[in-house]
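In: Next comes the sequence, and after it the predicted model I'd like to discuss.
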Amino acid sequence: MAFDDLRQWIAALDHAGELKRIQTEVDPILEIAEITDRVSKVKTGKPGGPALLFQNIKSHPGSQVLINQFGSEARMKLALGVNSFDEFADRIRVFMDLKSPQGFLDKLKILPLLTEAGKFFPKTVPTGPCKEVIKRDNFSLLDFPILQCWPQDAGRFITLPCVTTRDPKSGKRNLGMYRLQVYDARTTGAHWQRQKVAAEHYRQALRIASNRGDENESPARAAVDIMARTSGGQILAEGASPSGKMEVAVAIGTDPAVTFSAIVPAPPDVEEYLIAGFLRTAPVELVKCETVNLEVPASSEIVLEGYVNLDELRTEGPFGDHTGFYSLEDLYPVFHVTCITHRKDPIYATTIVGKPPMEDAYMGKAVERVFLPLMRLTIPELIDINLPIEGVFHNLMIVSIRKSYPGQARKVMNAIWSLGQAMFTKVIIVVDEDVDVQNIPDVTLKVLNHIDPERDIQFALGPVDSLDHASRLANYGSKMGIDATRKWPTEGFTRPWPDEIVMDARTKALVDGKWKALAKELGID
């Protein structure tokens, strides 16, 4: 099912009994976050609680705030239009398995799939609901009920923005989700972490701008120099930071497919709007911005247009993050807003992050299922993966593999560390295919019994998540891999390997026949 916009999605949530409207006056400073945190962790009723639509916002008469829209497994499935996440993974697998047709009949067989794929590509339309109100002057970010979530946050943060940038060299568009700290009425921080695509667009703009001053210097040498001087755009190079701008557009309150596609770890050559079209089985309609050369979803509730300067960084943070700790302050580009467009009476969509489980946990588990078939393209021996919610996704990945040769578990670890955002995984545990990675008690039993720590644990240095406050340096630190597979003689293990304790089939069948009567006597339901 395709939802045309956020309002249609809200209606669907309401119809499914997944939405609560809140009439009590609430403050966007801390109060909404505290209410939502309590709801998402409620011990009774449905896990994750309902989606919340606050309709009486202090100092913002007439405004509405939607939060926790993805905060349960049921709502994530509703957003993706599936009964299970595996259905979506299967759809991806069908398209990935397409091979070049060898004959006329093969070509006929793939025509329906190619016809369906043609529906996924975004299309630009002349105008849309996000243009109902256009403000080039007399606008302020503070007109919107933007939240401050936690007491030590540096201020208000836009936490569910779909941020569009364009590669200044290739022209390729990217959609990502990066929090925006509101500094004042017209500027925010742009917290794209160093390894994100928008940050690479920013660095590409730096590389291009750095070569404009000296005709005798090669572009490659100038690029190497500016990257070294600025530590990849993390600091300003004194007397050497080139001037220039990079355009940015931010959509807030998009339909669920667009919002979800902004967090999916897409392959480098696959645009996020194409993924959204795949999710919706219908194209995303885009409109051109008023003041920048970018496109945004036509049905967005709110659109912010503007730019970042290449020679301007500002302290961003601290911010209460999904790790359960405050991410530390650091320098990031400044987003200058040049125009705001929005629907009449726009609904402000937001989220909060903190100690799990919260809304982002359910989004992350959906990404896990989507990511698995993509990982299998380069790691075909993968059986399953689990990123436990308590590991906040980048801290722990449990992987089961079909082991076929000595040292394969270590090969898999290194392969995962080479995959996009999976490079941030702090700890990888590799088990055999007979271990259910979704069953944490079983994983714990098998891993702790199967490893010899000195032999089976390896360490590596490399890039780490910007949110990792324990690493020796910001964005750079160590990772650990644990090979918990059964060891082979060809891996130097010559001792006998014991059998796992399992009752024999005959006895189990006998007890199965008596179990109904036994359960009644034992008082077991």
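Out: That came through, no problem.
In: switch to C-alpha atoms for all contacts and neighbour counts from now on
Out: Noted.
In: ok, what's across the strand from Pro297?
Out: The partner list for Pro297 in beta bridges (DSSP bridges) reads Leu286.
In: Next: the one 10 residues further on.
Out: Beta-bridge partners of Tyr307, counted by DSSP bridges, are Glu247, His336.
In: How many neighbouring residues does it have?
Out: Burial measure for Tyr307: 21 neighbouring residues, criterion other CA atoms under 10 Å.
In: Can you check which helix is longest in this protein?
Out: If each helix of the chain is counted by residues according to DSSP state H, the longest one is helix 359-378.
In: pLDDT weak spots in the chain?
Out: Flagging of the chain using pLDDT under 70 yields the residue ranges 1, 92-118, 213-217, 239-240.
In: Without its sequence neighbours, what residue ends up closest to Glu312?
Out: Using CA to CA, 6 or more residues apart in numbering and skipping residues adjacent in sequence, the residue nearest Glu312 is Pro333, 6.0 Å away.
In: Could you pull up the contacting residues of that neighbour?
Out: Counting by CA atoms under 8 Å, 6 or more residues apart in numbering, Pro333 makes contact with Gly189, Ala190, His191, Val308, Asn309, Leu310, Glu312, Leu313, Arg314.
In: list the helices and strands the helix or strand just after the longest helix of the chain packs on?
Out: Tracing the chain C-terminally past helix 359-378 and defining elements by DSSP states H and E, one meets strand 382-386 next. If you count contacts as 3 or more CA pairs under 8 Å, 6 or more residues apart in numbering; DSSP states H and E, strand 382-386 packs onto helix 359-378, strand 396-401.
In: Residues in contact with strand 382-386: which ones?
Out: Judged by CA under 8 Å, 6+ apart, the contacts made with strand 382-386 from elsewhere in the structure are 368, 372, 375-376, 397-402, 433, 437-438.
In: among the residues you listed, which ones are buried?
Out: Among the contacts of strand 382-386, the ones that count as buried by 16 or more other CA atoms under 10 Å are Glu368, Leu372, Met375, Met397, Ile398, Val399, Ser400, Ile401, Arg402, Glu433, Val437.
In: Identify, from the residues you listed, the entry nearest to Ala409.
Out: Proximity of the buried ones among the contacts of strand 382-386 to Ala409, judged by CA to CA, is greatest for Ile401, which lies at 7.7 Å.
In: Distance of the closest one relative to Pro453?
Out: Separation of Ile401 from Pro453 (CA to CA, to the nearest Å) stands at 20 Å.
In: May I see the buried residues of the longest helix of the chain?
Out: By neighbour count with 16+ other CA under 10 Å, helix 359-378 contains the buried residues 359-375.
In: So what touches that helix?
Out: Outside of helix 359-378, the residues within contact range by CA under 8 Å, 6+ apart are 40, 48, 68-73, 76, 85-86, 88-89, 92-93, 260, 263-265, 322, 351-353, 382, 384-387, 389, 392-393, 415, 419.
In: for the closest residue to Val353 other than its chain neighbours, what are its contacts?
Out: Distances taken as CA to CA, 6+ apart place His322 nearest to Val353, at 4.7 Å, with adjacent residues excluded. With CA under 8 Å, 6+ apart as the criterion, the residues that contact His322 are Val353, Gly354, Lys355, Pro356, Asp360, Val392.
In: what's the burial count for the first one?
Out: Just to be clear, that refers to Val353. Burial of Val353 is recorded as 22 neighbouring residues (other CA under 10 Å).
In: That one touches Phe319, doesn't it?
Out: No. The pair Val353 / Phe319 is not scored as a contact, 9.6 Å apart, by CA atoms under 8 Å.
In: Hmm, Ala33 and Val26 touching each other?
Out: No. Assessed by CA under 8 Å, Val26 is found out of contact with Ala33, at 10.0 Å.
In: Which of the two has more residues huddled nearby?
Out: Ala33 (21 against 17).
In: From Leu142, how far off is the more buried one?
Out: The span separating Ala33 from Leu142 equals 18 Å under the rule CA to CA.
In: Also Pro496?
Out: When distance is defined by CA to CA, Pro496 is 68 Å away from Leu142.
In: Dump the longest helix of the chain to PDB, restricted to CA.
Out: Coordinates of each C-alpha in helix 359-378 appear next as PDB, following Å, rounded to 0.1, in the frame of the first residue of the first chain:
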ATOM      1  CA  GLU A 359      11.100   4.400  18.000                       C
ATOM      2  CA  ASP A 360      14.500   4.100  16.300                       C
ATOM      3  CA  ALA A 361      14.900   0.500  17.500                       C
ATOM      4  CA  TYR A 362      12.000  -0.700  15.400                       C
ATOM      5  CA  MET A 363      13.200   1.300  12.400                       C
ATOM      6  CA  GLY A 364      16.700  -0.300  12.900                       C
ATOM      7  CA  LYS A 365      15.300  -3.800  13.000                       C
ATOM      8  CA  ALA A 366      13.500  -3.200   9.700                       C
ATOM      9  CA  VAL A 367      16.700  -1.900   8.200                       C
ATOM     10  CA  GLU A 368      18.500  -5.100   9.500                       C
ATOM     11  CA  ARG A 369      16.000  -7.300   7.500                       C
ATOM     12  CA  VAL A 370      16.400  -5.000   4.400                       C
ATOM     13  CA  PHE A 371      20.200  -5.000   4.700                       C
ATOM     14  CA  LEU A 372      20.600  -8.800   4.800                       C
ATOM     15  CA  PRO A 373      20.000  -9.600   1.100                       C
ATOM     16  CA  LEU A 374      22.200  -6.700   0.100                       C
ATOM     17  CA  MET A 375      25.000  -8.100   2.400                       C
ATOM     18  CA  ARG A 376      24.600 -11.500   0.800                       C
ATOM     19  CA  LEU A 377      25.600 -10.000  -2.600                       C
ATOM     20  CA  THR A 378      29.200  -9.800  -1.400                       C
END
